[in-house]
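Asks: Generate a structure from the sequence data that follows.
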Amino acid sequence: PKIRKNPLIEIISINTGCLNQCTYCKTKHARGDLNSYPPSEIVQRAQLAIRQGVKEIWLTSEDTGTYGRDIGYSLPKLMNDLVAVCPSGVMIKVGMSNPPYFLEHMEEMARILNHPNVYSVLHVPVQAGSDSVLERMKRKYNVAEFKQVVDYLLSNVEGMSIHTDIICGFPGETKDDWQQTLNLVSEYKFPALHISQFYPRPGTAAAKMKRVNTKEVKRRSREMTNLFSSYETHKGKIGKVYRVLVTEVAKDKKHFVAHNKSYDQILVPMEEGLMGRTFDVRITNVGKFHLNCEIIRNSLGGGPAGPAPLPKGVPSSIDEDWKPAEIIAQKKKKKNNLEDVNKAATEAAERSRGARQQLLQDHIGLARVLVVALIVAIVAALYIRIVA
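Replies: Just a heads-up that it's a prediction; the model follows:
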């Protein structure tokens, strides 16, 4: 059992570990090799969450694209299993996937991302727009392959949104390397960009490389931030109608946060009965990171569909439907074995206690005989002395 931070959102880790050896990262040291969890258990956990009123299922790991490579399965197969059990109104969000593993099943994943129960958003970290920098990072792909993934998804998935990461000032990054990274961001204008300055983590290969001057690293970080701030990605959405799902309260505490198929953050008027519901909205204005809207009233229908979510702070239960049959059988067998062992131990203890009590009684009887004999001997000796 666990307590969900948001009763409407279930976060499921599908695998742990990593297949890469990136020179700047310690994930491999901390998590080890890839270890994918059984698909049947992931699906059963999702089904349990849905029965408990969850509306969003987030699939997470160090790299979702590697899922199943160690157990003869794949991310598309798992996604097909999950959408088969998701009712209308429940959405799935796929976590980060690195380019080299996503290349192996682009067509299958494009079909999945087009499914009405799956958000059309994917986090694909590029880290740098220069092949020489990617090679020093040991990222196992080049810029052309990253572009191949992005171009295919943008062309084949309606409303597709690609998020990415940039590391500023990686060791050995030249001005030309940096300019190539700026050009890549300018070309695609990613709606979400995670910008970080290179940090030499102890024990990594990159920590031993010659570093870019600290002031230059900070300057590049500012330059990338300014570039990201300079473009708009939502202007063309004003006036458009989207189907949205409300799952959160906005930071301003005056709006609910809803998401459309592209996982855009849409601020909805905070009205009673909207949390956990799906309905249509019309976009009225946009900002850099959010969209404002008006609710299309005739799309509200009745109340929220499906079971009510657990109250906040209440642990989720683990029922027999969630547990795989073999685990239940093993636990019952262990329980029976433990009961047999306890019973045998109890019987042995009883026998031992009985034997000790019998031995004690025998000793007490012998002691009584000896005491009587001693008294008789003393009386006899006194009698002899008196008579004499």
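Asks: quick one, strands of the stretch 51-200 of the chain?
Replies: All strands of the stretch 51-200 of the chain, identified by DSSP state E, counting those that start in this stretch, fall at 56-60, 91-94, 121-123, 161-168, 192-197.
Asks: For those, give me a markdown table that also has mean pLDDT.
Replies: What follows is those, written out as a markdown table (pLDDT from 0 to 100):
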| stretch | mean pLDDT |
| --- | --- |
| strand 56-60 | 97 |
| strand 91-94 | 98 |
| strand 121-123 | 97 |
| strand 161-168 | 98 |
| strand 192-197 | 97 |
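Asks: Output the ones you listed in a markdown table, with mean neighbour count and distance to R356 appended to each entry.
Replies: Where C-beta positions appear, they are placed from N, C-alpha and C, glycine not excepted. Output for the strands of the stretch 51-200 of the chain, formatted as a markdown table (neighbours: other C-beta atoms under 10 Å; distance: least, C-beta to C-beta, whole Å):
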| stretch | mean neighbour count | distance to R356 |
| --- | --- | --- |
| strand 56-60 | 19 | 60 |
| strand 91-94 | 22 | 65 |
| strand 121-123 | 22 | 70 |
| strand 161-168 | 21 | 72 |
| strand 192-197 | 16 | 72 |
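Asks: other SSEs contacting the lengthiest helix in the chain?
Replies: Longest helix in the chain, counting residues (DSSP state H): helix 325-387. Using 3 or more C-beta pairs under 8 Å, 6 or more residues apart in numbering; DSSP states H and E, no helix or strand is in contact with helix 325-387.
Asks: what's the spacing between it and its chain's center?
Replies: Distance of helix 325-387 from the chain centroid (C-alpha atoms, centre = their mean, to the nearest Å) equals 59 Å.
Asks: any low-confidence regions in the stretch 1-150 of the chain?
Replies: By pLDDT under 70, the low-scoring segments of the stretch 1-150 of the chain are 1.
Asks: So which residues of the stretch 201-350 of the chain form helices?
Replies: 214-230, 325-387 (DSSP state H, counting those that start in this stretch).
Asks: pLDDT (mean, whole number) over the longest one?
Replies: I take that to be helix 325-387. Computed over helix 325-387, the mean pLDDT rounds to 73.
Asks: picking that back up, quick one, which of the strands of the stretch 51-200 of the chain gets closest to L300.
Replies: strand 91-94 (18.2 Å; C-beta to C-beta).
Asks: Point out where the stretch 201-350 of the chain drops to low pLDDT.
Replies: 302-305, 317-335, 337-338, 341, 345.
Asks: Do you have the strands of it handy? List them.
Replies: Under DSSP E, counting those that start in this stretch, the stretch 201-350 of the chain gives strands at 241-249, 255-259, 265-269, 278-286, 291-295.
Asks: Take the ones you listed and lay them out in JSON lines including distance to L227.
Replies: As requested, the strands of the stretch 201-350 of the chain are exported to JSON lines (distance: least, C-beta to C-beta, whole Å):
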{"stretch": "strand 241-249", "distance to L227": "28"}
{"stretch": "strand 255-259", "distance to L227": "26"}
{"stretch": "strand 265-269", "distance to L227": "21"}
{"stretch": "strand 278-286", "distance to L227": "19"}
{"stretch": "strand 291-295", "distance to L227": "22"}
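Asks: that older thread, between the strands of the stretch 51-200 of the chain, which one is closest to G287.
Replies: strand 192-197 (13.5 Å).
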